[in-house]
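Colleague: just a sequence and a predicted model for now, questions to come.
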Number of protein chains: 2
Amino acid sequence: MKAQVFVKFKNGVLDPQGQTILGAVNRMGHSFVKDVKVGKFFEIEIEKCENPDEKLKEIADKVLANPIIEEFRIEIAGEN
Amino acid sequence: MKAQVFVKFKNGVLDPQGQTILGAVNRMGHSFVKDVKVGKFFEIEIEKCENPDEKLKEIADKVLANPIIEEFRIEIAGEN
């Protein structure tokens, strides 16, 4: 079973990497690009188990995301 | 209009960060997790324009992904 956890900055948190990429892309002549935000995602292979979403939430909270500046979203294949 | 570009390592490329996270998660007692792969994603705000997918592909090739070790997937909101 495959799960994915998407982690990105909370609104209002400065994203210097995104801004740097935006500048580079605009200098390439792609003015149609108005904003860029950068995030991480984790592809997690899991065994069938009880309450995978709760367990993945604990993992995301403790290991994958920094709860102070980041938020996350969990997708479990076959569940949505 | 929002587009997303997902970048991850090609199959066969070593993912030390993923392996480190896998070890940490298993040591937390979550043995249901069998593998972890780490990737990046980019949320891109774009104006309506001609051939956004081609333009985004060029941006992904040149700026967002390292074509030697990484592959990418593009999603444009409202297009799939």
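Modeller: In hand now; what should we look at?
Colleague: the strand ranked longest in chain A packs against which elements?
Modeller: If you go by DSSP state E, chain A has its longest strand at strand A:33-46. Applying 3 or more CB pairs under 8 Å, 6 or more residues apart in numbering or on different chains; DSSP states H and E, we find strand A:33-46 packed against strand A:2-9, helix A:16-27, helix A:52-59, strand B:2-9, strand B:33-46. To be clear about C-beta, it is placed using only N, CA and C from the backbone, and glycine gets the same treatment.
Colleague: looking at the ones you listed, which is closest to B:Glu70?
Modeller: Counting by CB to CB, B:Glu70 lies closest to strand B:2-9 out of those; the figure is 5.3 Å.
Colleague: buried stuff in that closest one?
Modeller: B:Ala3, B:Gln4, B:Val5, B:Phe6, B:Val7, B:Lys8, B:Phe9 (16 or more other CB atoms under 10 Å in any protein chain shown).
Colleague: and the nearest residue to the last one once chain neighbours are set aside, its phi and psi?
Modeller: The shortest distance from B:Phe9 to any non-neighbouring residue, by CB to CB, 6 or more residues apart in numbering or on different chains, is to B:Asp15 (5.4 Å). Main-chain dihedrals, B:Asp15, degrees, to the nearest 10: phi -120, psi 80.
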